[in-house]
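> pasting a predicted model and its sequence here:
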Amino acid sequence: MNQNRIWRLRNHHRGLEQRLHDERRRPFPDALVLQDLKRQKLLVKDELFLAEAGLEPYRQHAVLA
C-alpha cells in the first residue's frame with residue numbers, strides 16, 4: 001500500500017469537500033460547479049478505497065478502430 005498516494009488522495013478529497021462547502025455558502029451556488037465537485041469527490045473516494053485495499057483503479061482504454 002502506497003501511503004504517500006493514500007495521503008494525497010485524502011488531502012485531495014478534503015480539498016474538494018472544502019470547495020463544495022464554500023460553493024454551497026455562496027448566495028447563488030452554481031449547480032454545475034456543485035455537480036462537478038461532487039463527481040470529482042466520488043471519483044477520488046473510489047480511488048482512495050481501492051488504494052487502501054491495495055488495488056489499482058480500472059483504467060478503460062480507448063479502442064482504436
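In hand now; what should we look at? Numbering: from 1, shown residues only.
> the spatially closest residue to Glu17 that is not a sequence neighbour: how many residues sit nearby?
The shortest distance from Glu17 to any non-neighbouring residue, by CB to CB, 6 or more residues apart in numbering, is to Lys41 (6.7 Å). To be clear about C-beta, it is placed using only N, CA and C from the backbone, and glycine gets the same treatment. Close neighbours of Lys41, defined as other CB atoms under 10 Å, add up to 18.
> my guess is Lys41 meets His21, correct?
No - with contact defined as CB atoms under 8 Å, Lys41 does not count as touching His21 (11.3 Å).
> ok, back up a step: contacts only, for the residue nearest to Glu17.
13, 16-17, 20 (CB atoms under 8 Å, 6 or more residues apart in numbering).
> list phi and psi for it.
The phi and psi values for Lys41, taken as degrees, to the nearest 10, are phi -60, psi -40.
> of the contacts of Lys41 - the most surrounded one?
Leu16 (20 neighbours).
> so who does that one touch?
By CB under 8 Å, 6+ apart, the contact list for Leu16 reads 37, 40-41, 44.
> and of the residues you listed, the nearest to Phe28?
Leu37 (15.8 Å; CB to CB).
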